[in-house]
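S.K.: Could you look at this predicted model? Sequence included:
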2 protein chains.
Amino acid sequence: MSGPLSLSITATDGPARVGTITTPRGEIQTPVFMPVGTRAAVKTLDTGDLERLGPPIVLSNTYHLMERPGADLIEKMGGLHSFMDWSGHMLTDSGGYQIFSLEPKISEDGATFKSVYDGSKVHLTPERSVQVQEQLGADIAMVLDVCPPLPSTRQVQVDAVERTLRWAERSKVAHTRADQAQFGIVQGGVDPELRAMSAAATVDIGFDGYAVGGLSVGETRDEMIPALAAATAGLPVDAPRYFMGLGDPIGLVEAVAHGIDMFDCVLPTRLARHGTALTSEGRLNLKNLRFREDDRPIDPNFDHPLSSRFSRAYVRHLLNTNESTAGRIITLHNLAWLADLTAKMRSAIEAGTFQQLREDIWAAWDGKASPA
Amino acid sequence: MSGPLSLSITATDGPARVGTITTPRGEIQTPVFMPVGTRAAVKTLDTGDLERLGPPIVLSNTYHLMERPGADLIEKMGGLHSFMDWSGHMLTDSGGYQIFSLEPKISEDGATFKSVYDGSKVHLTPERSVQVQEQLGADIAMVLDVCPPLPSTRQVQVDAVERTLRWAERSKVAHTRADQAQFGIVQGGVDPELRAMSAAATVDIGFDGYAVGGLSVGETRDEMIPALAAATAGLPVDAPRYFMGLGDPIGLVEAVAHGIDMFDCVLPTRLARHGTALTSEGRLNLKNLRFREDDRPIDPNFDHPLSSRFSRAYVRHLLNTNESTAGRIITLHNLAWLADLTAKMRSAIEAGTFQQLREDIWAAWDGKASPA
């Protein structure tokens, strides 16, 4: 690949794979979980915290940033990296996912919807999304896609796939920054045939990487897996594959088992602010009375310098007195814990023991992974 | 002094002084500002942040901790230091200041008031405050005092001084921990004569250090200074002097100018969460439109690794989108800025230039120090 991004696969175990993404900024080991910094900050953390945690890449949301503080301002401040003072990688979404929760009017030109900030009418086109993301200056930009809810009729899904493809072509034409990678997005709901068609046609347009969008939005895992498998089967081996909006441990191992390299989700940080920790025992709601005198760390089987020093009893006290320090400690824990899970997946794939890790995660998490 | 705390004065400039407090835990350079960790955490920060900031001592609130999570639990968890995993010094207040905002019924035995947590009736006596603070295990404990509002009649102030003295005697008798220092509190409102009487009688009882309470509660500076001067004039040179609840820069230099060694206040952390920074230009409300494109640090004349990396424009954006990261960044800045101010005061006293620093602070802050 002669673009701004390349992927080198260094180990495989079935479809699961370990790789290194190389960009002008540096390298990203995959599989990788990307914490979400919606408005140019991961909630409760600052950039110093991100440096201590060490995620190689952080996601930020184009829609929110184009509204506040505006792409022109961030560009003037030197782009997102400079604005946050973050030297790691960044990925910006296209704005599509946010606006599809705002009951947009979709035309061939783009999407029109009401601002969540001031109720004014906002019009977002594929070209505008590209332009804003170039102003933000992330290392990886996403094309604007049509993201229907599940369930939708087949015709709605077909229309979404086809319009997403036309928007992807326009996005590729509009893209000008040679130092910014651009990813296409595969749609098609839970229909494997549509997913395969969408993947093949998106690959025909040609992007630096490919995302699977419109899944993990309420469907069952039995509906999701065949659609995911059909999508990834049609994607090139030598480009990154990104499952958008996935953050639960079983989802992660299943996606990696189907050849996915990248994920993001607000789940670990949102759960944290509500008192829920990801642990080797599954989800723990640390507000629970049973942790009142529990002097063990959040996860006794996970040691991390930023969070393990604090006892469950201390974190529970902070939660019960509405001290934001609690959300901060659990956010640090959850992000470190997911980074550790992806590191374990990389090691297991390299050792040829990924199936064992997959079964361990299912054993620890099955029935404990429902949304809080 | 044969107790658990000693003070060595190493430089003076008029009444202003530089010293070293030595305890079984270590040393504290004075003058020192103590950040407030109301419920065993400084709001928006965790203990790792405190270690990076480096305050030698943090204050925590006995009343809040005895309610949630309870002194028995904290004792069971090894005391406050262990509960927070903080190896620096801690000071606990007596609960007096909080309960006097809860319209208590005061009898000779103690104070009865309604819990802010569940409305239940709470009874706090001098002995109970000592006992709770011994369970919490701070390095410095305060006696329970009677803290009348300003203005109050002379008779109310006389009664408060006299009852505070009787409670101080009971507190001293009740105190058993040899590794915990105990400070008495001088009351007397804005009446220099009462302050002098209170100081002399408190010193007669004999404590490891002495606080000036009941000031900086709404009186003018012209009312405050003579009362402060009368109080400190009656205190021994070789014991720490602590002005309770003071955190504005002019207040700090004036208190140091009158021989005070220690301060605490929620002001710098509370202001931070509302977007206001302490700077060499005075208070700045970073929500202001004029900072929209300001790429300078919060205080261009103050460099600190935890906060100076972030621009006013970035912090303003985070404030305007209600990201708690803003409060965190300004909290780190304000605490670092006040620590730097106390370091500057120590250097100036050592160099014999304290009067110049005092005038500089007045020039920067006069008229800009009113409560936000």
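M.R.: That came in fine, so what should we check first? Numbering: from 1, shown residues only, chains lettered A, B, ... in the order given.
S.K.: Spatially nearest residue to A:Ile9 (excluding sequence neighbours)?
M.R.: In this structure, A:Ile9 finds its nearest non-sequential neighbour in A:Gly19, 4.6 Å apart by CB to CB, 6 or more residues apart in numbering or on different chains. Where C-beta positions appear, they are placed from N, C-alpha and C, glycine not excepted.
S.K.: Distance of the one you found relative to B:Gly19?
M.R.: According to CB to CB, to the nearest Å, A:Gly19 stands 60 Å off from B:Gly19.
S.K.: thinking again about what came up before, correct me if wrong, but the residue nearest to A:Ile9 is in a strand.
M.R.: Yes - assessed with DSSP: H, G, I helix; E, B strand; the rest coil, A:Gly19 lies in a strand.
S.K.: neighbours around it, how many?
M.R.: 24 (other CB atoms under 10 Å in any protein chain shown).
S.K.: Okay, and the beta partners of it?
M.R.: A:Ile9, A:Thr30 (DSSP bridges).
S.K.: just checking, it touches A:Ser8?
M.R.: Yes - using CB atoms under 8 Å, A:Gly19 is in contact with A:Ser8, at 5.9 Å.
S.K.: for the longest helix along chain A, what is the average pLDDT?
M.R.: Ranked by number of residues, the top helix in chain A under DSSP state H is helix A:324-351. Average pLDDT, helix A:324-351: 98.
S.K.: ok now it, how far from the chain's centre?
M.R.: Offset of helix A:324-351 from its chain centre (CA atoms, centre = their mean, to the nearest Å): 14 Å.
S.K.: Where in chain A is the helix or strand with the lowest mean pLDDT?
M.R.: The weakest-scoring helix or strand in chain A, judged by mean pLDDT, DSSP states H and E, is helix A:96-99 (a mean of 86).
S.K.: which strands and helices sit next to it?
M.R.: Helices and strands touching helix A:96-99, by 3 or more CB pairs under 8 Å, 6 or more residues apart in numbering or on different chains; DSSP states H and E, are helix A:62-67, strand A:111-114.
S.K.: so which of those comes closest to A:Gly14?
M.R.: For the helices and strands packed on helix A:96-99, proximity to A:Gly14 was assessed by CB to CB; helix A:62-67 is nearest, at 34.7 Å.
S.K.: wait, does the closest one contact chain B?
M.R.: Yes - Helix A:62-67 is in contact with chain B by CB under 8 Å from any CB of the partner chain, via A:His64.
S.K.: Can you show me the CA trace of stretch A:250-257 as CSV?
M.R.: Extracted in CSV, the C-alpha atoms of stretch A:250-257 (Å, rounded to 0.1, in the frame of the first residue of the first chain):
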residue,chain,number,x,y,z
ILE,A,250,-17.1,-11.4,24.6
GLY,A,251,-17.8,-9.1,21.6
LEU,A,252,-14.1,-8.3,21.4
VAL,A,253,-12.9,-11.9,21.4
GLU,A,254,-15.6,-12.9,18.9
ALA,A,255,-14.7,-10.0,16.6
VAL,A,256,-11.0,-10.9,16.8
ALA,A,257,-11.9,-14.5,16.1
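S.K.: Got the confidence number for A:Asp366?
M.R.: Confidence score, pLDDT, at A:Asp366: 84.
S.K.: Could you pull out the helices in the stretch 151-300 of chain A for me?
M.R.: Assigned helices in the stretch 151-300 of chain A, in chain order: A:154-174, A:192-205, A:221-233, A:249-257, A:267-273 (criterion: DSSP state H, counting those that start in this stretch).
S.K.: Take the ones you listed and lay them out in JSON lines including mean pLDDT, distance to A:Ala364 and mean neighbour count.
M.R.: Putting the helices of the stretch 151-300 of chain A into JSON lines (pLDDT from 0 to 100; distance: least, CB to CB, whole Å; neighbours: other CB atoms under 10 Å in any protein chain shown) gives the following:
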{"stretch": "helix A:154-174", "mean pLDDT": "97", "distance to A:Ala364": "34", "mean neighbour count": "19"}
{"stretch": "helix A:192-205", "mean pLDDT": "98", "distance to A:Ala364": "29", "mean neighbour count": "20"}
{"stretch": "helix A:221-233", "mean pLDDT": "96", "distance to A:Ala364": "16", "mean neighbour count": "19"}
{"stretch": "helix A:249-257", "mean pLDDT": "97", "distance to A:Ala364": "8", "mean neighbour count": "23"}
{"stretch": "helix A:267-273", "mean pLDDT": "98", "distance to A:Ala364": "16", "mean neighbour count": "22"}
